[in-house]
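**Student:** one predicted model, sequence on top.
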Amino acid sequence: MNQAILLLGGQLLLLVKKEQSTETIREVLANKNINDLEEVLSTDDARKTFWINIYNAYFQILSHQPLITKPGIFTEKLITLAGHQFSLDDIEHGILRKKRWKYGWGYLPAPYTSLIRRLAVHRRDFRIHFALNCGALSCPPIAFYKPENIEKQLDLATSAFLTTETIVNVSNRSVQVTRLMDWFRADFGGLSGIRKILSQYLKEDFRRYKVKFSDYRWEQKLSNFKGQKA
């Protein structure tokens with residue numbers, strides 16, 4: 001059944017976590033029909049589920065290939081899915097961020113291919129930034145996303161990450177947040193949107209707080225799966 005395609009991203013990620021061979025399932029993904037993939041990924045819930053799992057799985061896979069170095073791991077089209085080549089940037093910025101440039105704080109559109117435009121989510125969701133893992137210490141932990149629970153899972157991931165990474169200084173009315181909210185601030189609705197999101201998830205009123213951004217820690221931390229000890 002075509003619907004089974006939707007589950008392959010999670011199955012691939014599970015093999016990565018178990019440190020088992022991914023060759024067979026990667027071949028299956030590579031040989032799927034692109035029309036079947038597009039048909040199954042018709043909703044944003046399906047698209048977010050599939051592509052978040054695929055991104056997290058392939059980052060781990062590519063990170064263990066010695067000839068691939070940054071920034072090539074993000075920019076080179078090293079992922080074969082349904083007969084087409086994708087990069088991690090294609091998945092994150094083209095599909096999950098709805099054709100946005102990776103620079104410019106998220107305000108600028110980028111000229112992606114017609115295929116990326118067809119696969120892209122219909123509506124940007126800032127919560128994906130708390131689900132994608134790029135192997136750095138400041139990245140959110142890796143979870144297994146399911147289409148029937150994607151909304152709840154993304155909310156929980158956002159709440160957990162903001163609770164852990166946000167520093168509130170009541171005396172000088174400032175709040176220090178993850179640098180992700182600076183790099184992609186348009187995805188969060190600008191500074192006013194960041195304050196609203198913090199108020200929503202941390203259950204405090206930050207409307208009059210000054211927003212500061214933490215330094216991002218790029219030290220490598222691979223295989224950081226949710227619920228797994230560091």
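**Tutor:** Cool, got the structure.
**Student:** which helix in the chain has the most residues?
**Tutor:** With secondary structure taken from DSSP state H, the chain has its longest helix at helix 44-63.
**Student:** can you name every helix or strand that that one contacts?
**Tutor:** Helices and strands touching helix 44-63, by 3 or more CB pairs under 8 Å, 6 or more residues apart in numbering; DSSP states H and E, are helix 5-17, helix 72-75, strand 79-81, helix 88-89, helix 150-165. For every residue, glycine as well, the C-beta is placed using N, CA and C.
**Student:** neighbouring contacts of the third one?
**Tutor:** Okay, so that is strand 79-81. Contacting residues not belonging to strand 79-81 are listed as 26, 29-30, 32, 37, 54, 58, 85-88, 91 [CB atoms under 8 Å, 6 or more residues apart in numbering].
**Student:** 7 Å - rerun?
**Tutor:** 29-30, 58, 85-87 (CB atoms under 7 Å, 6 or more residues apart in numbering).
**Student:** returning to what we had before: mean confidence score for the longest helix of the chain?
**Tutor:** Mean pLDDT, computed over helix 44-63, is 97.
**Student:** return the most buried member of the helices and strands packed on helix 44-63.
**Tutor:** Neighbour counts (mean count of other CB atoms under 10 Å) averaged over each of the helices and strands packed on helix 44-63 peak at helix 88-89, with a mean of 22.
**Student:** and the pLDDT for the residue nearest the centre of the chain?
**Tutor:** In the chain, the residue lying closest to the centroid (CA atoms, centre = their mean) is L132, at 2.8 Å. Looking at L132, its pLDDT is 98.
**Student:** for Y201, see how far away the closest residue to it other than its chain neighbours is.
**Tutor:** Spatial nearest neighbour of L132, excluding adjacent residues (CB to CB, 6 or more residues apart in numbering): Y55 at 5.6 Å. Counting by CB to CB, to the nearest Å, the separation of Y55 from Y201 is 23 Å.
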